[in-house]
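S.K.: Dropping a prediction and its sequence here:
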Amino acid sequence: MSSTTIITTCKGRLTHLRTSLDSWLRATPAPIIVVADGCPEITPETFQGIERVTVVPTAARPEDHFHKPNALNLGVASAETDHVLFLDADTLV
């Protein structure tokens, strides 16, 4: 079990995330939390079958505003490890 969780946010960047996610899964055994900050492209089923990936949905806000700090805080609150690593949806490792 990894002592670090990868946390990322997504708002309309699912294409980038799919590529990055593949590199993360190959590079580390760490669990991955995707915070879908009002993202209509991502549902809890989007990454179904990839057991290390958890989707944390957020409520869509009327102003359709992406608030990265709030999204990252939701990811941290969901993590079950001692450490977290924040990666953007387009970051390859």
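M.R.: Ah, there it is. Note that the structure is predicted; figures quoted are calculated from it, not measured. Residues are numbered from 1 along each chain as shown.

S.K.: who's in contact with the closest residue to residue 36 other than its chain neighbours?
M.R.: Once flanking residues are discounted, residue 36 sits nearest to residue 42: 3.8 Å by Cβ to Cβ, 6 or more residues apart in numbering. Quick note: C-beta positions are derived from backbone N, CA and C, even for glycine. When contacts are counted by Cβ atoms under 8 Å, 6 or more residues apart in numbering, residue 42 touches 10, 14, 34, 36, 55, 57.

S.K.: before we move on, what about residue 78?
M.R.: 33, 54, 56.

S.K.: now the strands for the chain?
M.R.: For the chain, the strands defined by DSSP state E occupy 4-10, 32-36, 53-57, 83-86.

S.K.: And the last one, what's buried?
M.R.: By neighbour count on 16 or more other Cβ atoms under 10 Å, the buried set for strand 83-86 is 84, 85.

S.K.: Centroid-nearest residue for this protein?
M.R.: By Cα atoms, centre = their mean, the chain has its centre lying nearest to residue 34, at 1.6 Å.

S.K.: Verify the stated contact: it with residue 54.
M.R.: Yes: with contact defined as Cβ atoms under 8 Å, residue 34 counts as touching residue 54 (7.2 Å).

S.K.: Quick one: distance of whichever helix in the chain runs longest to the chain centre.
M.R.: Ranked by number of residues, the top helix in the chain under DSSP state H is helix 14-27. Using Cα atoms, centre = their mean, to the nearest Å, the mean C-alpha position of helix 14-27 is found 10 Å from that of the whole chain.

S.K.: Appreciated, that's everything.
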